[in-house]
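[1] got a structure for you, letters missing:
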DNA sequence: ATACCGACCTGTCAGC
DNA sequence: TGCTGACAGGTCGGTA
């Protein structure tokens, strides 16, 4: 589901709705697939903590936590001092919703954080590709933020790489936050064929790509992300950027620029959509 | 070091 | 109706 614009939208909603809240208690489902630590470690890290801020790092949701009263704080462990980060990656189908406790618990709910206000923050993920972790030190997923990096540094990321430019865009250790939809859409706007070796893309073309990536991400954020099948933000609202997709999900439809038929091919195991005439 | 590819999961939809 | 296979917003880890 979620690439940078969707996560940004969710984070904005969570910041508005749960920042300042204290987590009273945590329920964790029996399926341990999405957990990077044991349920006990995660529950201990979250319970009694206040959510100071919710922000985004690549496709990760980061909750900055602190203990409201460090002196009388919780048990032992790294969190006694009262700070840490709760990190949630939504994988393909993960959702974070804020609800009243009376609302039915959806199938595939793996974690419920009960908040002091009485509301609940729930993590739902049918495919269980999402991940939940807690960190006592700072959290850095690696890679650079596309909306913060300079043009020069962006161009440097691809130097000498033999992998297809599409695969390089998806590599979170280089650029973080761009996923399959926005990689395809950015390459279309920059008129670059997704199969091209990254190293073979000229400096001028990479400069175009830099601006295309940022333009696509900004537009998508403004529209609340792309809702393909079931994506909704933390308020349950859908995004609208899917209406602006020019290649993604448009196989065999006409190119919006030249009318040629949009093609789909698999690159690095991922579906890739492009216009064979516009993209060289 | 780098790059490909199957594995990890459930759900949905098209085709027969 | 129901079965099968392809496909889905993402990342890992093993292998070449």
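    Yep, that arrived. The structure presented is a predicted model; accordingly, all values stated were derived computationally and were not measured.
[2] show me which residues of the stretch 101-250 of chain A are close to DNA strand B?
    By C-beta under 7 Å from any atom of the strand, the residues of the stretch 101-250 of chain A that approach DNA strand B are A:107-108, A:126-129, A:161-164, A:167, A:229. C-beta: built from backbone N, CA, C; applies to glycine.
[3] gap between stretch A:181-188 and the chain center?
    The chain centre lies 16 Å from the centre of stretch A:181-188; the measure is C-alpha atoms, centre = their mean, to the nearest Å.
[4] does it come close to DNA strand C?
    Yes - for stretch A:181-188, a contact with DNA strand C is found by C-beta under 7 Å from any atom of the strand, at residue A:181.
[5] which regions of the stretch 51-200 of chain A sit below the pLDDT cut-off?
    Applying pLDDT under 70 to the stretch 51-200 of chain A flags the ranges A:69-82.
[6] now residue A:88: phi and psi?
    When read as degrees, to the nearest 10, the backbone of residue A:88 gives phi -120, psi 130.
[7] for the closest residue to it other than its chain neighbours, give me its contacts.
    Distances taken as C-beta to C-beta, 6 or more residues apart in numbering place residue A:61 nearest to residue A:88, at 4.4 Å, with adjacent residues excluded. Residues in contact with residue A:61 (C-beta atoms under 8 Å, 6 or more residues apart in numbering) are A:7, A:10-11, A:14, A:54, A:87-90, A:96.
[8] also near DNA strand C: which of the residues you listed, exactly?
    Among the contacts of residue A:61, the ones lying near DNA strand C by C-beta under 7 Å from any atom of the strand are residue A:89.
[9] and the residue of chain A found nearest DNA strand B, which of the three is it?
    At 3.3 Å from DNA strand B, residue A:127 is the closest residue in chain A, using C-beta to the nearest atom of the strand. What DSSP: H, G, I helix; E, B strand; the rest coil gives for residue A:127 is coil.
[10] just the buried residues of the residues of the stretch 101-250 of chain A next to DNA strand B.
    The neighbour-count test (16 or more other C-beta atoms under 10 Å) marks A:108, A:126, A:128, A:161, A:163-164, A:167 as buried among these.
[11] among those, which two are most distant?
    By the measure C-beta to C-beta, those have their two most distant members at A:108 and A:161, which lie 37.1 Å apart.
[12] how about the residue nearest the centre of chain A, nearest residue that isn't a chain neighbour?
    Nearest residue to the geometric centre of chain A (C-alpha atoms, centre = their mean): residue A:59, 2.5 Å. What sits nearest to residue A:59 in space, not counting adjacent residues and going by C-beta to C-beta, 6+ apart, is residue A:7, at 5.2 Å.
[13] from residue A:173, how far out is the one you found?
    Counting by C-beta to C-beta, to the nearest Å, the gap from residue A:7 to residue A:173 is 17 Å.
[14] again, but for residue A:240
    Residue A:240 sits at a distance of 31 Å from residue A:173 (criterion: C-beta to C-beta).
[15] which one of those two has more residues nearby?
    Using other C-beta atoms under 10 Å, the more surrounded residue of residue A:240 and residue A:173 is residue A:240, with 14 against 11.
[16] which residues sit in contact with the nearest residue to that one once chain neighbours are set aside?
    Excluding the flanking residues, the one nearest residue A:240 by C-beta to C-beta, 6+ apart is residue A:223, at 4.3 Å. Going by C-beta under 8 Å, 6+ apart, residue A:223 touches A:5, A:239-241, A:243-244.
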